[in-house]
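> with the sequence up front, the predicted model follows.
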Amino acid sequence: MSIAVGIDLGTTNSAVARLDEHGRPVIIPNDLGEPITPSVVCFKNGEVIVGQEAKELQAAGEPFIAAFFKREMGVRDFVFHAEGRDHTATDLSALVLEKLKRDAERSVGQSIADAVITVPAYFHNPEREATIAAGKLAGFNVLQAINEPTAAAIAYGYKRATEDQTLLVYDLGGGTFDVTLLRISGDEIRILTSEGDHELGGKNWDDRIVEFAATRFRDEFGSDPFEDAVSLSDLLVRAEEAKKRLSSSNSARISIVHDGNQGRYELDRATFERIGHDLMERTISLTEKAMDDQRFAKDKIDGVLLVGGSTRMPMVRDFITRTFGRPPMTGVNVDEAVALGAAIVAAERAAGPSASAPRFALGGRRTIDVTNHSLGMIALNENRSAFVNSIILPKNAQIPCTQTRPYQHRTRRRGGNRLEIFMTQGESSAPAEVTYLGMYVVDDIPHQERGLTVIDVEYSYDISGTVAVKGRVHSDGAPLRITVEPLPPDVPARFLKAPEETVEIQHVTAYLAFDLSGSMSGEPIAEAQKAARSFLRNTDLTHCSIGIMAVADRTKTTLKASQNAREIERAIADLPNVNIGYGNDADPFDEARSRLAGLDGPRFVIVLADGVWSYQDKAIKRARLCHEEGIEVIAIGFGGADEKFLRKIASSDEASFFTSMNGLVETFTNIAQVLTETAGGSALSQTGDPGKRSFLSFMRRK
Ligand code: AMP
């Protein structure tokens, strides 16, 4: 019988674990009887040596040593040359995994096929895919890639009866840093958010010590140990040793042998902390970012779990104690927790959903993990003067998840209609600041009436946090073939310049203006929020921007028109907290005119009211100024709203709707769909039938 294992594939060290016969997670030692194996590969005379022996050969100055390649996972142009062969980071990781598999099989005396492999929470899609590929290359059946902090939390929460707790996992390994906020309650472990940097880890502290000692050596002897690979790799090993010593002693000595000279330098802990201060600061600012993201005050954190070898540095403990007013939690082995948690998940997955007690392994708790990066695509901005990253699936969505969004595409009758979507991960709207996943190409898009085909694009994250994209024709559901092609070499440079003239779809800008007077509080505002979310889901954000306004004693734009679903969702969530009084004095029209001035595509104000406004005549006059300037006003009323008044502020009778509170979602959804299917009515205007048959007549046909 084969068993399932959990593998912590670390930057510096890796570990394997399984559940023992009592159902307890245990580490499987390697062939040296050690719980962890260095993630180091040495190529020597046609032989491949992995682990401790390779690490020792590295210290001895052996030339073909690969280490820290986890930082290069998914990087297309990284290769390690050794003895006439090129190895990608995936190949190197596969060699480590093969060794782990071999050792573990020997240790337990059974074959091992199924594995759950851990990845830093902050890994993007290419790194996750590369990790899964490495597992397959090594002969594993990869059940799942799971986030390291999630695995650590599972190990901590396993069979431990705790009160509801909000924990922070601070994971500082050899090459990566992750900070994760999560909540453990009676029956679940819910990940709230993660931040991280996969270029930050113990190795950076080692490099600081190397720099410190090399500078002294240069001053003393006038020659540079960096010039010689053997001296440098020796120094790297000694620097790491000194760093570890400084975790238990107040000072450590580093010696350098180079060019016939030997230098010895004393480094005390205070100096070490000073030269690594900015690195520590970076972990602090990422920790604060994670808490800000969830609007979490420090005093709401019940405990901090430390994971990763570098958390043994006293400065980490000091920082946690200072920041949170209490020392970090104990009871978790910083080197082993991740592999142990992965083993628990592996056992559960291997048992499958049909197992009699599907959640047996997790001690009765289910794990809810989230996406760590927003998924987006490159689009044109609202006046088509620049490219933006339009976020479609925001960060922290529960995984697995799927979201379908419309995409409008102009087609030619002759065919050859092809769409290139540049998918991204990242939080920024700036194309220079995101990670590109690839060019997703949709071929053979059928030509439709008016040359506008709406495609429903389905974006999903699976349980491993990897991305998949599918497409269908909106009108008949016919599937479309999507292939992922390598990025052209001028990406992202081409998105940093002004777009060239193209026959494009017009850009729609729509402000949703919510009446927030007293009568909206409670259920009505919750329904309005639901309606706004549905509007967002049914809008093609690559060709449409959405802004949010609140109207009560005065009017406030809480979000300027945006193509970023994350920002829009946040503004919708914040609606109940907008502080503009509870009256009915204001209207949104002057504010909308100034926000929409100068934009050339179709412009809309979509007003939602549930009561009678105090200054109706003034509002009607101002709404008419919108109409005159070509801004369409759509008025939606429910509850105590005044139907006649709604008709007066709306651009046409067809643009005013009176519905019930429960009908809001449907009304907003329909409006969004019509905006999408008609590209904001622009297609109609192009057929020479504007005005009289406003795009909203389509609404009636729906
Ligand atoms: P990990 O990737 O979690 O195995 O962490 C490995 C990192 O932890 C390496 O950078 C090690 O140098 C570092 N590390 C291990 N033990 C200690 C220690 N006692 N003090 C400081 N850093 C340590």
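Nice, I can see it. Just so it is clear, the model here is predicted, and its values are computed rather than measured.

> model confidence over stretch 100-117, on average?
Looking at stretch 100-117 alone, the average pLDDT works out to 96.

> got the buried residues for that stretch?
When burial is assessed from 16 or more other C-beta atoms under 10 Å, stretch 100-117 yields the following buried residues: 100-105, 107, 112-117. For glycine as for every other residue, the C-beta is placed from the backbone atoms N, C-alpha and C.

> in the stretch 251-400 of the chain, which residue sits closest to the ligand?
Distance from the ligand to each residue of the stretch 251-400 of the chain (C-beta to the nearest ligand atom) is smallest for G309, at 2.3 Å.

> how about the contacts made by the residue of the stretch 551-700 of the chain found nearest the ligand?
Evaluated by C-beta to the nearest ligand atom, the stretch 551-700 of the chain has R566 as its residue closest to the ligand, separated by 30.8 Å. With contact taken as C-beta atoms under 8 Å, 6 or more residues apart in numbering, R566 is in contact with S374, I391, P394, K395, E427.

> what's around the closest residue to it other than its chain neighbours, how many residues?
In space, R566 comes closest to P394 once its chain neighbours are excluded; the distance is 3.8 Å by C-beta to C-beta, 6 or more residues apart in numbering. For P394, the number of neighbouring residues by other C-beta atoms under 10 Å comes to 20.

> contacts only, for P394.
Going by C-beta under 8 Å, 6+ apart, the list of residues near P394 reads T371, S374, A565, R566, E569.

> okay, it: pLDDT?
According to the per-residue confidence, P394 scores 90 in pLDDT.

> now swap in R128 and tell me
Residue-level pLDDT assigned to R128 equals 97.

> buried ones in the strand or helix carrying it?
With elements delineated by DSSP states H and E, R128 resides in helix 125-137, which encompasses its position. Within helix 125-137, the residues that qualify as buried are N125, P126, E127, R128, E129, A130, T131, I132, A133, A134, G135, counting by 16+ other C-beta under 10 Å.

> switch these over to a markdown table; also include distance to V48.
What follows is those, written out as a markdown table (distance: C-beta to C-beta, whole Å):
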| residue | distance to V48 |
| --- | --- |
| N125 | 29 |
| P126 | 25 |
| E127 | 23 |
| R128 | 25 |
| E129 | 24 |
| A130 | 19 |
| T131 | 20 |
| I132 | 22 |
| A133 | 18 |
| A134 | 15 |
| G135 | 18 |
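
> the residue in the stretch 101-250 of the chain that the ligand sits nearest to: neighbouring residues, count only.
Scanning the stretch 101-250 of the chain for proximity to the ligand using C-beta to the nearest ligand atom identifies G202 as nearest, at 2.1 Å. As a burial measure, the neighbour count of G202 was computed by other C-beta under 10 Å and equals 25.

> which non-adjacent residue is nearest it?
The shortest distance from G202 to any residue other than its chain neighbours is 3.9 Å, reached at S310 (C-beta to C-beta, 6+ apart).

> so who does the one you found touch?
Remark: with contacts taken as C-beta under 8 Å, 6+ apart, S310 is in contact with L172, G173, G174, G201, G202, W205, V316.

> please parse the chain into its domains.
Using automatic domain parsing, the domain ranges for the chain come out as 3-200+281-368, 202-277, 375-496, 508-701.

> end to end on the longest one, go ahead and measure it.
Start and end residues of domain 3-200+281-368 are separated by 25 Å (C-alpha to C-alpha, to the nearest Å).

> make 432 the starting number, not 1.
Done: numbering now begins at 432, and the last item shifts to domain 434-631+712-799.

> distance from the chain centre to it, please.
Centroid separation between domain 434-631+712-799 and its chain, computed with C-alpha atoms, centre = their mean, to the nearest Å, is 18 Å.

> equivalent analysis for the shortest one, please.
Counting by C-alpha atoms, centre = their mean, domain 633-708 is centred 37 Å from the centre of its parent chain.

> now do the same end-to-end measure for that domain.
One end of domain 633-708 to the other measures 13 Å (C-alpha to C-alpha).

> where exactly do the strands run in the stretch 782-931 of the chain?
In the stretch 782-931 of the chain, strands defined by DSSP state E, counting those that start in this stretch lie at 797-801, 806-811, 818-824, 829-830, 832-841, 850-856, 866-873, 883-892, 898-904, 910-911, 913-916, listed in chain order.

> the residue of the stretch 532-681 of the chain closest to the ligand touches K675, doesn't it?
No - under the contact definition of C-beta atoms under 8 Å, G633 does not touch K675, with a separation of 9.1 Å.

> re the thing from before, as CSV, the buried residues of helix 556-568 with distance to the ligand would be great.
Rendered in CSV, the data for the buried residues of helix 556-568 read as follows (distance: C-beta to the nearest ligand atom, whole Å):
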residue, distance to the ligand
N556, 22
P557, 21
E558, 16
R559, 18
E560, 21
A561, 18
T562, 15
I563, 20
A564, 21
A565, 17
G566, 18
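
> of all those, which comes closest to P460?
For those, the minimum distance to P460 (C-beta to C-beta) is 20.6 Å, reached by G566.

> and the chain, which residues reach the ligand?
Residues of the chain lying near the ligand by C-beta under 6 Å from any ligand atom: 441-444, 604-605, 633-634, 671, 674-675, 678, 739-741, 743-744, 766.

> quick one on the thing from earlier: and the residue of the stretch 982-1131 of the chain closest to the ligand, that one's in a helix?
Yes - read with DSSP: H, G, I helix; E, B strand; the rest coil, R997 is one of the residues of a helix.

> that one and A1004, how far apart?
With distances taken as C-beta to C-beta, to the nearest Å, R997 is found 11 Å from A1004.

> what of D800?
Note on D800: its distance to A1004, by C-beta to C-beta, is 21 Å.

> the two: which has the busier surroundings?
A direct count of neighbours by other C-beta under 10 Å for D800 and A1004 places D800 higher, at 24 against 12.

> for that one, which residues make a bridge with it?
Beta-bridge pairing of D800, defined through DSSP bridges, involves I830.

> my read is that it contacts E579, right?
No - judged on C-beta under 8 Å, D800 makes no contact with E579 at a distance of 11.4 Å.
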